[in-house]
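Visitor: Based on what follows, work out the 3D shape:
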Amino acid sequence: MAFLTFLGDVIWNPWLLCLFLFAGLWYSVRTGFFQLFGLPVWLRETVGKFLHPPSAKRQGGLTQFQALSTALASTIGTGSIAGVATAIFFGGPGAVLWMWISAFLGMMTGCAEKILAIRYRERAKGGGFQGGPMVYISRGLGKRWMGCWFALSCVGASLLGGNLVQANSISTALEAALGWDRLWVGIVVAVCCALVTAGGVGQIGRFSESLVPAMALLFLGGSGVVLLHNADALPAAFRAIFTGGLTPRAMVSGTAGYGIASAMRYGVARGVFTNEAGMGSSAIAHAAADVEHPAEEGMWGILEVFVATILVCTMTALVILTAGVYDPAAALWSMASGQVTDNMLGAPLSAASYGAVLGRGGVLLVAVSLLLFAFTSLVGWSYYGERSLAFLAGEGKGKRLYRLLFLGAIAVGSVVDLQAVWELADIWTGLMALPNLVALLLLTPEVLSALRGWKKEKVEG
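Guide: Sure thing, here's the model as predicted:
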């Protein structure tokens, strides 16, 4: 455990944290902070299309909404509930501010990823399209070794990162809410995942399109009820967020508390894990979208980050900070004494916070939301891992073995230590992000050219 923590800190502190923020800031500045000043444009091209959807597919592949839903299936995962709670526990309330900052800047990083994913995608043998960072790194930069680095890290993340986190959160939530055996929960989830993913990306897209909007509305509705009840505590929660995120060493109960370094470390890491901007994983789903111009998909990349972090994660964070269950002083003491237990963080902390207002219903809300969020995330990660494996080994090679390993990892992840699971997720996330962020910076001219050309033709014309 200590080694995993050390390795995670080596990868993330401080240079990779800064690289994530720099990439987002770079694209924000170069596009004139399009995520803010172009708000009417990207909302019209995304949310506005719900009112006037295309009558038929043009080129095959997923519809844009299916691609978004598939990407959100993995981004609105346990990071939106368990990850936010973990970030607050280890990084303090200030971690939420850095989640917001990383998400605001990440909206343009996500936009760039989706533009490049469409720009360099390839026709799939069975119809439709396929691609992602491993393809635009290899073809755009001419550096296959970097593409292989990303793909290998993505396979590792799918087997020893994303799926372990999701499976563990499902099992711990259902154990706390219903007393179900964690291993049997993992086995059942693995079987269900196998049934959904057997039909390939088309079936995954249809499944995500049906479930993701409903699960998001369920969670947001329940969170809204809790926050209305805790409305008097909201001002104090916002003060804690800004004070903790900007103060070198915020005071807690008269003693030294969380520092800005820990707030950045866990806020940015959890934000990235939640919205995946800079990681590149969700670009694999968007590469399959039925879209004509790369910049069109970039608009959906902006919306994806906004929904996953600015909207969903904020609701979770405010519930935790207003419920009165989370005690910063107790959390600091537990970390200092090495007595952190699973029920202090992750899904149990979120469940206790919702339960403080909604009682048993709050615990069940978190359990059901986690089940839906994590299961859809597992489905998304299985596709990401398979596409990365195909890039490394060739189409179809090792696919059956990978699926068996993925399903087995779900069962294992349901019973392993929660803190170790999150450390592994951070390590693989960092290893994926490094080649992707470098590629995004080097391919800036192509992203800007595509965005300017599209705005001139479709928006300003």
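
Visitor: Phi first, then psi, for the nearest residue to residue 133 once chain neighbours are set aside.
Guide: Leaving aside its sequence neighbours, residue 133 sits nearest to residue 280 (Cβ to Cβ, 6 or more residues apart in numbering; 3.6 Å). Placement of C-beta: from N, CA and C, glycine included. When read as degrees, to the nearest 10, the backbone of residue 280 gives phi 90, psi -10.

Visitor: the bottom helix or strand of the protein by mean pLDDT?
Guide: Within the chain, confidence by mean pLDDT, DSSP states H and E is lowest for strand 249-252 among all helices and strands, at a mean of 55.

Visitor: Could you count how many residues lie near residue 393?
Guide: Close neighbours of residue 393, defined as other Cβ atoms under 10 Å, add up to 14.

Visitor: measure residue 284 to residue 178 for me?
Guide: For residue 284, the distance to residue 178 equals 34 Å [Cβ to Cβ, to the nearest Å].

Visitor: if you count what's nearby, which of those two comes out ahead?
Guide: For the pair residue 284 and residue 178, the greater number of neighbours falls to residue 284 (32 against 11), based on other Cβ under 10 Å.

Visitor: Show the low-confidence segments of the stretch 1-150 of the chain, by residue range.
Guide: Residue ranges of the stretch 1-150 of the chain with pLDDT under 70: 1, 13, 50-79, 126-127.

Visitor: Quick one: the helices in it, in order.
Guide: Assigned by DSSP state H, counting those that start in this stretch, the stretch 1-150 of the chain shows helices spanning 2-12, 15-30, 34-37, 39-44, 64-75, 82-91, 94-119, 133-141, 144-157.

Visitor: nearest to residue 372, of these?
Guide: helix 64-75 (9.7 Å; Cβ to Cβ).

Visitor: Can you spell out which helices and strands pack onto the helix or strand harbouring residue 357?
Guide: Secondary-structure assignment from DSSP states H and E places residue 357 in helix 346-358. Applying 3 or more Cβ pairs under 8 Å, 6 or more residues apart in numbering; DSSP states H and E, we find helix 346-358 packed against helix 82-91, helix 163-178, helix 200-229, helix 314-323, helix 360-393.

Visitor: Please, which helix or strand holds the residue nearest the centre of the chain?
Guide: The chain has residue 274 as the residue nearest its centroid, 2.4 Å off, counting by Cα atoms, centre = their mean. Element membership of residue 274, judged by DSSP H and E, is helix 260-275.

Visitor: Excluding sequence neighbours, find me the nearest residue to residue 431.
Guide: residue 153 is the one closest to residue 431 (Cβ to Cβ, 6+ apart), at 4.1 Å.

Visitor: What is the neighbour count of that neighbour?
Guide: For residue 153, which is what you asked about, the neighbour count (other Cβ under 10 Å) is 26.

Visitor: any idea of the pLDDT on it?
Guide: Per-residue pLDDT puts residue 153 at 93.

Visitor: Repeat that for residue 432.
Guide: So residue 432 comes in at 90 (pLDDT).

Visitor: now residue 215, nearest residue through space, not along the chain?
Guide: residue 372 (3.9 Å).

Visitor: Roughly how far does that neighbour sit from residue 366?
Guide: Looking at residue 372 against residue 366, where the rule is Cβ to Cβ, the gap reads 11 Å.

Visitor: The two: which is more packed in?
Guide: The neighbour comparison of residue 372 against residue 366 (other Cβ under 10 Å) goes to residue 366, with 32 against 21.

Visitor: still on that earlier bit, does anything pack onto the next helix or strand after the helix holding residue 274? Which helices or strands?
Guide: Scanning forward in sequence from helix 260-275 by DSSP H and E, the next helix or strand is helix 281-286. Helix 281-286 sits against helix 64-75, helix 94-119, helix 133-141, helix 144-157, helix 294-305, helix 360-393, with contacts defined as 3+ Cβ pairs under 8 Å, 6+ apart.

Visitor: Kindly spell out which helices and strands sit in contact with the fifth one.
Guide: Here helix 294-305 touches helix 39-44, helix 64-75, helix 94-119, helix 281-286, helix 444-454, going by 3+ Cβ pairs under 8 Å, 6+ apart.

Visitor: got the angle between it and helix 260-275?
Guide: Interaxial angle of helix 294-305 relative to helix 260-275 (axes from the mean of the first three to the mean of the last three Cα atoms, to 10 degrees): 120 degrees.

Visitor: cool, and the second one?
Guide: Orientation note: helix 94-119 sits at an angle of 40 degrees relative to helix 260-275 (the same axes, to 10 degrees).
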